[in-house]
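1. Everything below, folded, please.
(2 chains)
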Amino acid sequence: MIARVLRASFWSDWRRKLFAVLNVALGTALATALLNLTLDVGDKMNEELRGFGANLVIVPRSDELPLRLGGVDFNPLARRGGVPLDRLRLLKEIFWRNHVMAFAPFLEERVSAAGGAVDLVGTWFDRAYPVLGDETFRTGLRSLNPWWHVEGAWPEDGEVESALVGARVAEKLGVAAGDPLTVRLPGQDRDARLAVRGVVRTGDGEDDRIFVPLELAQRIRGGAGLVDLVQVSALTAPDNELARQARHNREELTTRELDVWYCSPYVDAIAFQVEEVIPGVQVKPIRRISESEGVVVRKIQLLMAVVTAVALSCSGLGVFSLMTAMIASRRQEIALTKAIGASNRLLMLLFLGEMTLAGVVGGLVGYVAGVGICQLISVQLFASWAAVKPGVIPVVVLLAVAVSLGGSLVPVRLILRVEPSLVLAGE
Amino acid sequence: MSVICLENVVKQYGEVRALDGVNLTVERGEWLAIMGPSGSGKTTLLNLLGCLDVPTSGNVIIDGRKVAGLDTDGLTALRRETIGSIFQQFHLVPYLSALENVMLAQYFHSMADAAEAARALEAVGMGERLHHKPSQLSGGEQQRVCIARALVNYPAILLADEPTGNLDRANEEVVLELIRGFHQRGQTVILVTHNPEIARCADRMSVMSYGKLRACADASPAGPAATGDECAPRP
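-> A predicted model of the protein is given here:
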């Protein structure tokens, strides 16, 4: 019977119910959009920030000895060791291998050109690198730094004597893309003639370097198989309390916490896994990026939470006024049902039941609209579709019902004030 | 054995004394008609009898239970278990069918039973109109649905407030016949009316005036006659 009454009363006042549904749907649409974006914004931001360079640096453990004074490195072991090049394939075999977006080895030598010293850096530009199975993975400086502005062209890895020259070096030496460049190799009484393929301008230290294919730098260094460092770009999750606790003292974590930490793409967890597979190296997160990423994501999430709360509160206020109007317009019916034996509690439950129904319908409508809004925002901001999280549906419907009931709780008490004796007498 | 007993009941609304020391006893199975001019306190009295209101002072005892000691839930429970109400304005839930309106009263009382509700409607001649909404029914038909709803839970007392006030002669007769049938099954009826002809259908009549049950007389074709302040059943 209660279902019949609910259904009939829901449809009897359908215009007001439609407003209630639309009101709840508007709030929940925004909540859905922001909730989906909030859940997705970490990954999206991460992908965006990955375009701004590496967030992990692999160095030989011996280079970590702190023996720098006044900018001069007194570490006797510095540059004696190296990161084994053949182990880099293991970066694509760790637990979070799919989060490793790009990496590039670096081998640095000081050469002289036009009478001045300049750093020559051997690296990969765009290398097809064989990884687990038969797959190849395109990686190198170009994937690591897609934002770099290069005048001319990127050098090819196969052209050993091609070069990408930093903007300040190019100005100093008076070379441009397409020009030849002669450098004197250290400890060798001979020159190397390089073909400048492009000039890179980053506004940072790269502007003072010459980048060449790794093979040339290895030839100069004389020892194949080891590089000075490897820069890695990995998709990471923003640090949370667990990540900070693990960084501070991993030993204090419980086994379960350690499992969660290990199986989460925190920058330290990925660094730890790389250290596990490549012995003799230390992996240093570039916190400037990973932490600012976390701060930005947290701020965006906070902003979205505030906007969601405001939107839902507005919906709640809308429901409040609709419910107040609805009870006022149905005083006669309330008085009558009281007169024939309905208790206040039952009547309040009936009205709250109607609003629960409005909340469920509004929640579902709002979810569909919210997913659409989310996709629009995602395409505008990140130029990609947002991942639709089905887990959001029950959350959104519950939120919608909570808003609907929350907005109704005060007005529904007006039922208590309806005096059947007065209302039925026409007063 | 009295089913209704009012002892020196006063109902005050601010400065206005709607009921002024009313005493009334109604025996089980009796039909009492209450007459009186507008504003004399008839509806206030009916509200007290229907547990829709409580007295300012004095005792109201319905079916052996003192109303004064009951809270809102207690009054509601007493109302739904003991009393059936018929209103002049019919007062049906507009979005429910005739059958559902009757079932609603069953639901509030105990549990809805569509077959029994349909039988109640058939008993008032509405068997063909079970699924019609109130807006699709005439005034007389609406009042018959109202009677079916009032009687479906077999109340001890039927309170009827001007039940024929909005009906034509033919429907008035139908409604009175239904009330008469209920009364003949041994149930108690309290009927408020302006119409002396309808009042004469009752076992006895009382007249409300200025908040007092001023007159009490047997119903007779001659109409009510003032006999005193206290209203008690015939010996």
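
2. Is residue A:120 in a helix, a strand, or coil?
-> Of the three states, residue A:120 takes strand under DSSP: H, G, I helix; E, B strand; the rest coil.

3. try residue A:175
-> Under three-state DSSP, residue A:175 comes out as coil.

4. With adjacent residues omitted, what lies nearest to the residue in chain A that chain B sits nearest to?
-> Chain B sits closest to residue A:341 of chain A, with a gap of 2.6 Å, by CB to the nearest CB. Where you see a C-beta, it was placed from the backbone N, CA and C, and this is true even at glycine. Excluding the flanking residues, the one nearest residue A:341 by CB to CB, 6 or more residues apart in numbering or on different chains is residue B:80, at 2.6 Å.

5. Need the contact partners of the host helix or strand of the one you found.
-> Residue B:80 is located in helix B:72-82, with elements delineated by DSSP states H and E. Helix B:72-82 is contacted from outside by A:338-345, B:50-52, B:54, B:62-63, B:65, B:67, B:70, B:105, B:108-109, B:153, B:155-157, using CB atoms under 8 Å, 6 or more residues apart in numbering or on different chains.

6. quick one, phi/psi of residue A:130?
-> Note on residue A:130: its backbone torsions stand at phi -70, psi 130 [degrees, to the nearest 10].

7. Tell me, how many residues neighbour the residue of chain A closest to chain B?
-> For residue A:341, the count of nearby residues is 27 (other CB atoms under 10 Å in any protein chain shown).

8. in the chain, what secondary structure element scores lowest on mean pLDDT?
-> Using chain A here. Between all helices and strands in chain A, the lowest mean by mean pLDDT, DSSP states H and E belongs to strand A:68-69, at a mean of 50.

9. Correction: the question concerned chain B.
-> Of all the helices and strands that make up chain B, strand B:212-218 has the lowest average by mean pLDDT, DSSP H and E, namely a mean of 66.

10. what comes up buried for stretch B:186-202?
-> B:187, B:188, B:189, B:190, B:191, B:192, B:193, B:198, B:199, B:200, B:201, B:202 (16 or more other CB atoms under 10 Å in any protein chain shown).

11. Now do the SS call for the fifth one.
-> Put plainly, it is residue B:191. Three-state call for residue B:191 (three-state DSSP): strand.

12. That one reaches residue B:30, doesn't it?
-> No - the pair residue B:191 / residue B:30 is not scored as a contact, 11.2 Å apart, by CB atoms under 8 Å.

13. Where do the helices of the stretch 301-427 of chain A begin and end?
-> Taking DSSP state H, counting those that start in this stretch, the helices of the stretch 301-427 of chain A run over residues A:331-339, A:344-382, A:392-409, A:414-417, A:420-423.

14. Let me have the ones you listed in a markdown table, extended by mean neighbour count.
-> As requested, the helices of the stretch 301-427 of chain A are exported to a markdown table (neighbours: other CB atoms under 10 Å in any protein chain shown):
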| stretch | mean neighbour count |
| --- | --- |
| helix A:331-339 | 22 |
| helix A:344-382 | 20 |
| helix A:392-409 | 21 |
| helix A:414-417 | 15 |
| helix A:420-423 | 19 |
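
15. neighbours of the residue nearest to residue B:136 when sequence neighbours are not counted, just the number please.
-> The shortest distance from residue B:136 to any non-neighbouring residue, by CB to CB, 6+ apart, is to residue B:129 (7.9 Å). Residues near residue B:129, counting by other CB under 10 Å, number 18.
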